[in-house]
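Chemist: Need coordinates for the below:
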Amino acid sequence: MHPAGSIRMIERMFDHERTAGTSGATGIGGATGIGGATGPGPADLDYGALVHELRCHRTERIAAIRAEAVREQRRWRLRELAATRVLDERGALDDSLAQTDGVSVRTVRETVATARALEDLPAIAAVAADGRLSGAQLTEVVKVAAPGDEHVWATEAPAWSPADLAQRAREQHAPTLEEAEARRAARELRWWWNRRTGMLDGRFSLPDIDGALVETVLVELVERMRPTKGRPWDSREHRGADALVELCRIARDHDPHAQTIGYRAHFLVHVPAEGPAQVGGVPLPDAMVARLRAEARLEPVTTTGDGAPRSAGRVESALSEKTKRVVRQRDGHCRWPGCDRRHGVQVHHLWPASWGGPDTIANLATVCVEHHTKLAPQGRRLLVGNPNHPAGLRLVDRDDLPALAALGADPTSATRTSAPARAGPE
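Modeler: Sure thing, here's the model as predicted:
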């Protein structure tokens with residue numbers, strides 16, 4: 001097929017879909033839904049020809065074609081879920097679908113669960129049909145939304161990341177002590193020698209508190225491994241491996257008659273207005289939190305209804321370690337939209353301190369090293385909004401005066417400033 005023909009064929013397919021969807025055809029998405037046109041087959045799409053043709057067009061048109069393709073892919077996902085629901089009702093689905101579709105059994109079961117839940121959530125289904133929810137978002141939001149509040153989630157969910165939706169679902173479920181014990185019973189650590197590479201390989205799986213302890217110690221050790229003056233930083237993977245070896249050296253040289261090796265875990269325990277207390281973003285039963293008092297230093301942090309910490313002690317001119325801990329615990333990952341990196345994050349002033357930004361928690365968020373360099377005052381972008389809301393931050397250009405003016409006038413924005421909107425200091 002000629003390259004131009006490939007592009008025109010795709011555009012005609014989208015036009016036909018939109019036309020069919022408004023022509024009174026029944027079914028999800030109109031005549032091109034289940035039982036209708038099935039779209040281009042393998043022989044109709046020549047990837048190389050498509051790429052060649054797209055290189056001849058303006059960036060704006062290519063972006064529009066991609067955006068429409070993403071929306072159409074999401075609509076077809078909804079059709080797949082509808083078919084899955086009917087097949088599930090008829091008992092025609094089981095775990096063997098994993099082999100047919102080339103996915104994991106877990107993915108098959110999540111798809112079936114999503115299809116079942118979506119039938120009672122028409123507002124969520126409508127947003128998905130409009131192409132505004134990714135497959136990952138849809139899988140998680142049906143675990144959070146209920147028939148009584150689905151209209152709220154239909155509005156908010158498109159702005160939430162799948163990770164934050166999954167976290168909200170976990171927060172809504174108050175775990176029992178039996179569930180916590182079951183997680184602990186599933187812990188494991190295995191290692192083996194790879195004779196081909198001469199390396200000791202391994203894997204591990206640790207539950208809630210144990211996992212938070214290991215993560216805390218490893219992160220602290222990794223952060224301390226600074227290079228000597230004039231030498232470049234080693235990779236985080238290398239420093240992580242060195243930290244594990246260092247822990248083993250400490251254990252080897254430890255006096256077996258001593259009471260402790262000198263390290264006691266320090267946990268931030270988030271206590272929300274409603275729901276269970278959390279450590280490391282993992283909800284815990286009250287009985288387990290009580291037991292931890294004998295094993296670790298617990299630092300309770302009361303939170304508001306939307307999950308925002310009430311305070312982190314006295315605000316100082318330089319960020320205290322306590323403030324940074326609270327911000328990292330609140331965010332859990334890099335707050336750059338779409339980035340879920342959890343390790344190696346740094347605390348960033350949303351409105352730069354050099355521009356008069358305060359050291360308050362409402363002006364702080366965690367970002368990874370890569371994205372930190374792209375944010376003002378060094379970079380071109382500003383991360384603005386309300387960091388206490390999972391979907392409260394967005395990116396704007398530091399020279400986008402209308403956006404900055406709107407930010408200053410928005411009473412819900414935690415990073416609003418009383419200064420006139422402008423691209424940095426004079």
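Chemist: packing partners for the helix or strand where G48 lies?
Modeler: Using DSSP states H and E, the element containing G48 is helix 47-54. Judged by 3 or more CB pairs under 8 Å, 6 or more residues apart in numbering; DSSP states H and E, the packing partners of helix 47-54 are helix 3-21. Any C-beta I mention is one placed from the backbone N, CA and C, and that applies to glycine too.
Chemist: could you give the mean pLDDT of the helix it packs on?
Modeler: Averaging pLDDT along helix 3-21 yields 52.
Chemist: for this structure, what are the low-confidence residue spans?
Modeler: Across the chain, residues meeting the criterion (pLDDT under 70) sit at 1-44, 252-269, 271-275, 279-282, 284-300, 302, 304-319, 407-426.
Chemist: still on that earlier bit, buried sites along the helix holding G48?
Modeler: A49, L50, E53, L54 (16 or more other CB atoms under 10 Å).
Chemist: which residues in the protein form strands?
Modeler: Counting by DSSP state E, the chain has strands at residues 188-194, 199-205, 266-271, 278-279, 282-283, 297-302, 345-349, 364-368, 381-385, 393-397.
Chemist: Indicate which one of those strands is closest to A212.
Modeler: With distances scored as CB to CB, the stretch of these nearest to A212 is strand 278-279 (5.4 Å).
Chemist: gap between D208 and G332?
Modeler: In this structure, D208 and G332 are 14 Å apart, going by CB to CB, to the nearest Å.
Chemist: same check, this time on E188
Modeler: Distance of E188 to G332, given as CB to CB: 24 Å.
Chemist: of the two, who's got more company?
Modeler: Using other CB atoms under 10 Å as the criterion, E188 and G332 rank with G332 on top: 17 against 8.
Chemist: Spatially nearest residue to G357, not counting backbone neighbours?
Modeler: With CB to CB, 6 or more residues apart in numbering as the criterion, G357 has its nearest non-adjacent residue at 3.5 Å, and that residue is W351.
Chemist: cool, G338 as well?
Modeler: Leaving aside its sequence neighbours, G338 sits nearest to S161 (CB to CB, 6+ apart; 7.1 Å).
Chemist: swap in R335?
Modeler: Closest to R335 by CB to CB, 6+ apart is A365, at 4.3 Å.
Chemist: can I assume the one you found is in contact with L383?
Modeler: Yes: here A365 lies in contact with L383, judged by CB atoms under 8 Å, at a distance of 6.4 Å.
Chemist: shared neighbours of those two, anything?
Modeler: R335, H348, L350, L393 (CB atoms under 8 Å, 6 or more residues apart in numbering).
Chemist: I figured the last one was touching G385, is that so?
Modeler: Yes: applying CB under 8 Å as the test, L393 and G385 come out as touching, 4.4 Å apart.
Chemist: Residues that sit against both of the two, list them.
Modeler: L350.
Chemist: ok, so what distance separates the residue nearest to R335 from A145?
Modeler: Counting by CB to CB - A365 and A145 are separated by 26 Å.
Chemist: Over to G379?
Modeler: G379 is 36 Å from A145, by CB to CB.
Chemist: Mind listing what's buried along stretch 358-370?
Modeler: Result for stretch 358-370 [16+ other CB under 10 Å]: buried residues D359, I361, A362, N363, L364, A365, T366, V367, C368.
Chemist: Tell me the one among these nearest to A277.
Modeler: Nearest to A277 among the buried residues of stretch 358-370 is I361, at 19.3 Å by CB to CB.
Chemist: and the chain, what are its domains?
Modeler: 3-172, 184-253, 327-409 (automatic domain parsing).
Chemist: if we can go back for a sec, for the residue nearest to R335, give me its contacts.
Modeler: Contact analysis of A365 by CB under 8 Å, 6+ apart lists V327, D331, R335, V347, H348, L350, L383, P387, L393.
Chemist: if we go to 10 Å?
Modeler: By CB atoms under 10 Å, 6 or more residues apart in numbering, the contact set of A365 is 327-328, 330-331, 334-336, 345-350, 375, 383, 385, 387-388, 392-393, 414-415.
Chemist: buried subset of those?
Modeler: 327-328, 330-331, 334-336, 345, 347-350, 375, 383, 385, 387-388, 392-393, 414-415.
Chemist: What's the separation between N363 and K322?
Modeler: Taken as CB to CB, the span from N363 to K322 is 16 Å.
Chemist: Neighbours of the spatially closest residue to D210 that is not a sequence neighbour, how many?
Modeler: Nearest non-adjacent residue to D210, counting by CB to CB, 6+ apart: R187, 6.6 Å away. By other CB under 10 Å, 12 other residues sit near R187.
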